[in-house]
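K.L.:
Sequence plus the predicted model coming up.
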Amino acid sequence: LTNTHLLLIVIGGLYVMITVSVILQVASFKMFGKRIFRMAPIHHHFELVGWPETTIIVRFWILAGLGVGLGLGIFYGDFVANAGAILP
């Protein structure tokens with residue numbers, strides 16, 4: 001309807017990052033026998049590196065907020081550029 005399905009990747013950027021970290025970890029281990037991260041998903045890697053859990057949570061909140069802000073900004077910019085052409 002609005003052709004905004006690709007914005008889901010930007011708005012859900014944190015979930016995309018976590019999923020990609022798991023995919024990379026599994027692919028790297030199967031192909032090369034080595035791990036990229038100490039543990040996947042990536043937030044567990046940061047726990048094993050020694051970051052406090054609250055630091056990880058706050059930084060991921062910030063990343064999620066930036067992704068949502070960027071996605072909404074892109075949507076609004078496109079909406080203004082097209083002057084609401086999608087409305088009947």
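P.N.:
Now that the structure is in, tell me what you want to look at. Values in this document were obtained by computation on a predicted structure and should not be read as measured data.
K.L.:
now the helices for this protein?
P.N.:
Remark: helices assigned in the chain by DSSP state H are 7-11, 13-32, 42-49, 53-81.
K.L.:
Make JSON lines out of these and add mean pLDDT and mean neighbour count.
P.N.:
Just so you know, the C-beta spots here come from the backbone N, C-alpha and C atoms, and that holds for glycine as well. Rendered in JSON lines, the data for the helices of the chain read as follows (pLDDT from 0 to 100; neighbours: other C-beta atoms under 10 Å):
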{"stretch": "helix 7-11", "mean pLDDT": "92", "mean neighbour count": "16"}
{"stretch": "helix 13-32", "mean pLDDT": "96", "mean neighbour count": "14"}
{"stretch": "helix 42-49", "mean pLDDT": "96", "mean neighbour count": "16"}
{"stretch": "helix 53-81", "mean pLDDT": "94", "mean neighbour count": "13"}
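K.L.:
now Ile36: how far from Ile9?
P.N.:
Using C-beta to C-beta, to the nearest Å, we find Ile36 at a distance of 21 Å from Ile9.
K.L.:
Kindly provide the distance from the most centrally placed residue in the chain to Lys34.
P.N.:
With distances taken as C-alpha atoms, centre = their mean, Gly13 lies nearest the centre of the chain, 2.1 Å away. Distance from Gly13 to Lys34, counting by C-beta to C-beta: 27 Å.
K.L.:
try Leu6
P.N.:
Remark: distance between Leu6 and Lys34 (C-beta to C-beta) = 33 Å.
K.L.:
Could you pull up the contacting residues of the residue lying closest to Ala64 once chain neighbours are set aside?
P.N.:
Of all residues not flanking Ala64 in the chain, Leu14 sits nearest, at 4.3 Å (C-beta to C-beta, 6 or more residues apart in numbering). Counting by C-beta atoms under 8 Å, 6 or more residues apart in numbering, Leu14 touches Phe60, Leu63, Ala64, Gly67.
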